[in-house]
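I'll drop the sequence and a predicted model, then ask my questions.
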Amino acid sequence: MPDDTAIHPGFPTVAEVLALDAVRQGNPRVVAGAAGLDRRVRWVHVTELTDVQEILRGGELVLSTAIAWPEEREALARFIADLAGLGAAGLVVELGRRYPQAPPKPLLLAAEKHRLPVITLGRDTRFVTITEAVHARIIDTQLAELRASEEVHQTFTELAVEGAEPSEVVRQIAKMADRPVVLENLAHQVLVYDATGSTDEALLDGWEGRSRAVRPASRTAYDERSGWLTTVVGARGQDWGRLVIVCDGVAAPAPTRLVMLAERGAATLALNRLMQRDRESLERQTHRTLLTAILNHDHSAAEVALRARAIGVGLDGRRLVGIVLRLRGSSHASPVQGASIQGATIENQARLRELTDQAAAAVREKRLSALIGSVDDSSVGLLLALGAQDREDTALGSFAATVRRLAGPEGADFAIAVGTSVGAVRDARRSLLEAVQVADAAIRQVGGPAYHRLVDVRLRGLLHLLRDDARLQTYVERELGPLLAYDTERGTNLVAMLGIYLDQGRNKSAAADAAHLSRPSFYERLHRIERVLGVDLDSVESCLSLHVALLALDAVRDR
């Protein structure tokens, strides 16, 4: 049996056909099967035969004068059963030629049984007038659908070409549907919405619970209970969201135009996300190449400026500030030494990519301009280009606050280091290298300012700047060499104990607690340190020299 739901929902119902002037002039009267008046009429077919198996395809409204119908009751009942089985929309009989008052009762009883509408026409009516009127209505519906389809196609093609943001796409869907629209993620959390025809509160109240209750059986489906038309958003086998058009009060199936809107809108959202990812990936590669070129002197200042301008980052005539975001708890190597991120762990690489995206998002949100890209296996570098109207401290503070907000709970797992601003592209390397050096020192500091400059890292920063100097390395060996050798030979950790003691301001009780040792045990270790180094730990000058040596040791080891 044909499926009635497969017939276009825009086609008129039998009840709507009966309201047409061409039909009303025939004085129509429903004599059986009134329960089926909501059947859709796909076409009108005129026939005097009851052998309709080969001429009907479903959805036809059959017109007849009954002049050639059989007399047998069983044949009439079988005729109605055949019409119903073929999916006919209804049967219209003109009275007078064969039946003066009404069709035979067996036919009417069969029609009631199969819920097939049977309509009689009390006046002589030209069937061609009816077919023309109904077919014109059907064709008008199809033309309207074509126009609507063309409008939707053109609108969403433009949105795709322009790379429209999700909020703009959702707003356009809501406008064309004149209904609320929500874009949610796979966790049923609202990403973007437009409450057209509703209020924010009514649309979003208890959204997650309501959304979880709607479980469509296909990628695009209409849930009549909730009144939601949903379609999955995703591409390349990776679904990432669901688009919902709230269609309260609409009977199933959902109107074709709304289905088309939902699916085309979802396709545009998915396409734009792919384009954005590809575009950002290519841009990020270009940004990283330029940052590396600046650090390694691979290109002239003029070439760097030219290439940066080509990707929308103007460097000429601006104040340039090097910034480094350094992940905590990660090993790293200087970008100038050609370090590769291949040695980083998968988790560290993922976090670095995420931090790069967050830095880029912060730059966009604050309407700044910068080159952005990873510069080693644990750092994201930026060359911020400030215009004449930008205040440096304000821009840096705003950027730092935004990137930490975007990072959420992980906002504390990286340090932000800033170099001294410069006024020419040829000096940008100096600002970036200074930011790298500040990051080396700042990464060991917890808390403090929103971002670190050289002045903020103080002695530790100075020692990091001097870490390649042979004189500093000699100083470390002179002050700590015997203790380092002692730990290596005996497997002890006296250097660490010395560091704890000095970090606690030479407070032995506090240091013992920090080392998780009893006081006698910790005191014994301090006496052993004094013997190995030949120093007095009660001497302020000796402790100051040792503390500087420990900070210098950290700097040297960070090479």
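Looks like it arrived, so ask away.

hey, where'd the helices end up in the stretch 51-200 of the chain?
73-85, 105-114, 127-162, 166-177, 200-204 (DSSP state H, counting those that start in this stretch).

residue 401 is nearest to which of the ones you listed?
Closest to residue 401 of the helices of the stretch 51-200 of the chain, according to CB to CB: helix 166-177, at 23.2 Å. No exception for glycine: its C-beta is placed from N, CA and C like everyone else's.

neighbouring contacts of that closest one?
Helix 166-177 has contacts (CB atoms under 8 Å, 6 or more residues apart in numbering) with 151-152, 155-156, 159, 164, 180-183, 191-196, 243, 245, 258, 261-262, 265, 268-269, 272-273.

restricted to buried residues, select the residues you listed in ChimeraX.
One line in ChimeraX is enough to select the buried members of the contacts of helix 166-177, burial here meaning 16 or more other CB atoms under 10 Å:
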select :152,155,156,159,164,180,181,182,183,191,192,193,194,195,196,243,245,258,261,262,265,268,269,272,273
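
low-confidence ranges, the stretch 451-559 of the chain, go.
By pLDDT under 70, the low-scoring segments of the stretch 451-559 of the chain are 456-458, 460-462, 464-465, 558-559.

which stretches of it form helices?
454-465, 470-490, 494-503, 508-514, 519-533, 540-557.

circling back to that earlier point, for the helices of the stretch 51-200 of the chain, which one sits closest to residue 296?
Using CB to CB, the nearest of the helices of the stretch 51-200 of the chain to residue 296 is helix 127-162, at 37.2 Å.

could you pull out the buried residues of the closest one?
So for helix 127-162, counting by 16+ other CB under 10 Å, buried means 127, 130-131, 133-134, 137-138, 141, 145, 148, 152, 155-156, 159-160.

then stretch 88-99?
For stretch 88-99, by 16+ other CB under 10 Å, it's 88, 89, 90, 91, 92, 93, 94, 95, 98, 99.

among these, find the lowest-pLDDT one for me.
Across the buried residues of stretch 88-99, the smallest pLDDT goes to residue 98, namely 86.

how far away is the nearest residue to that residue once chain neighbours are set aside from residue 377?
For residue 98, ignoring the flanking residues on the chain, the nearest one in space by CB to CB, 6 or more residues apart in numbering is residue 66 at 4.0 Å. Using CB to CB, to the nearest Å, we find residue 66 at a distance of 87 Å from residue 377.

quick one, what contacts residue 414?
Counting by CB under 8 Å, 6+ apart, residue 414 has contacts 325, 326, 327, 328, 355, 407.

could you give the bridge partners of it?
With beta bridges defined as DSSP bridges, residue 414 has these partners: residue 327.

just the ones of the buried residues of stretch 88-99 in strands?
Mapping the buried residues of stretch 88-99 onto strands (DSSP state E) picks out 90, 91, 92, 93, 94.

the fourth one against residue 117, yeah?
If I follow you right, that is residue 93. No: between residue 93 and residue 117 there is no contact under CB atoms under 8 Å: 11.2 Å.

list the contacts for residue 178?
If you count contacts by CB under 8 Å, 6+ apart, residue 178 has them with 196, 197.

switch to 10 Å and redo it
Under the criterion of CB atoms under 10 Å, 6 or more residues apart in numbering, the neighbours of residue 178 are 196, 197, 258.

show me where the stretch 151-300 of the chain has its strands.
181-185, 190-194, 220-223, 228-235, 238-246 (DSSP state E, counting those that start in this stretch).

using TSV, lay out the ones you listed together with mean pLDDT and distance to residue 480.
Converted to TSV, the strands of the stretch 151-300 of the chain look like this (pLDDT from 0 to 100; distance: least, CB to CB, whole Å):
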stretch	mean pLDDT	distance to residue 480
strand 181-185	90	53
strand 190-194	87	55
strand 220-223	91	70
strand 228-235	89	58
strand 238-246	90	53
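
can you put those in TSV and add distance to residue 443?
Formatted as TSV, these follow (distance: least, CB to CB, whole Å):
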stretch	distance to residue 443
strand 181-185	33
strand 190-194	34
strand 220-223	50
strand 228-235	38
strand 238-246	34
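
of all these, which one is nearest residue 516?
Comparing the strands of the stretch 151-300 of the chain under CB to CB, the one sitting nearest is strand 181-185, at 44.1 Å.

and the angle from that closest one to strand 228-235?
Angle, strand 181-185 to strand 228-235, by axes from the mean of the first three to the mean of the last three CA atoms, to 10 degrees: 50 degrees.

direction included, what does strand 181-185 pair against?
When DSSP bridges is applied, strand 181-185 pairs with strand 190-194 (antiparallel), strand 238-246 (antiparallel).

I figured residue 406 was touching residue 362, is that so?
Yes: contact criterion CB atoms under 10 Å: residue 406 and residue 362 qualify, at 5.9 Å.

more neighbours: these two, which one.
residue 362 (24 against 18; other CB atoms under 10 Å).

can I take it that the more buried one is in a helix?
Yes: the assignment for residue 362 (DSSP: H, G, I helix; E, B strand; the rest coil) places it in a helix.

that one and residue 397 touch, don't they?
No: using CB under 10 Å as the test, residue 362 is too far from residue 397 to be in contact (11.8 Å).

tell me how many other residues crowd residue 72.
For residue 72, using other CB under 10 Å, the count is 11.

could you tell me the per-residue confidence at it?
91.

now swap in residue 104 and tell me
With respect to pLDDT, residue 104 has a value of 91.

and for it, the neighbour number?
Counted by other CB under 10 Å, the residues lying close to residue 104 total 17.

phi and psi next, for the residue nearest to residue 98.
The phi and psi values for residue 66, taken as degrees, to the nearest 10, are phi 70, psi 20.

ok, now the one 4 residues further on?
Main-chain torsions, residue 70, degrees, to the nearest 10: phi -70, psi 160.

could you do residue 359 as well?
phi -60, psi -40.

that one and residue 366 touch, don't they?
No: the pair residue 359 / residue 366 is not scored as a contact, 11.0 Å apart, by CB under 10 Å.

these two: which has the busier surroundings?
Higher neighbour count among residue 359 and residue 366: residue 359, with 25 against 15, using other CB under 10 Å.

roughly how far does the more buried one sit from residue 437?
Counting by CB to CB, the gap from residue 359 to residue 437 is 19 Å.

next one: residue 103
98 Å.

and what of residue 497?
29 Å.

follow-up on the earlier one: how about CSV for the contacts of residue 178, with distance to residue 539 and pLDDT added?
Shown next, in CSV, are the contacts of residue 178 (distance: CB to CB, whole Å; pLDDT from 0 to 100):
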residue, distance to residue 539, pLDDT
196, 77, 91
197, 80, 86
258, 83, 86
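
now these in TSV, with distance to residue 17?
What follows is these, written out as TSV (distance: CB to CB, whole Å):
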residue	distance to residue 17
196	33
197	31
258	24
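
show me where the stretch 251-400 of the chain has its helices.
Under DSSP H, counting those that start in this stretch, the stretch 251-400 of the chain gives helices at 256-296, 301-310, 346-365, 392-407.

before we move on, back to that, so which of the strands of the stretch 151-300 of the chain is nearest residue 546?
strand 181-185 (54.2 Å).

which residues touch that closest one?
With CB under 10 Å, 6+ apart, strand 181-185 has contacts from 166-167, 169-175, 190-196, 203-204, 207-208, 211, 228-230, 233, 240-246, 261-262, 265-266, 269.

could I have it exported to CSV, CA atoms only?
C-alpha atoms of strand 181-185 as CSV (Å, rounded to 0.1, in the frame of the first residue of the first chain):
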residue,chain,number,x,y,z
VAL,A,181,15.9,28.3,16.4
VAL,A,182,18.6,26.8,18.6
LEU,A,183,22.1,25.4,17.8
GLU,A,184,23.3,23.0,20.6
ASN,A,185,26.4,20.9,21.0
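
ok and it relative to helix 256-296, angle-wise?
50 degrees.

so what are the domain limits for the chain?
Listed domain ranges for the chain are 4-137, 163-275, 299-455, 470-557 (source: automatic domain parsing).

distance to residue 287 added to those, as a markdown table?
Putting the domains of the chain into a markdown table (distance: least, CB to CB, whole Å) gives the following:
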| stretch | distance to residue 287 |
| --- | --- |
| domain 4-137 | 50 |
| domain 163-275 | 18 |
| domain 299-455 | 4 |
| domain 470-557 | 29 |
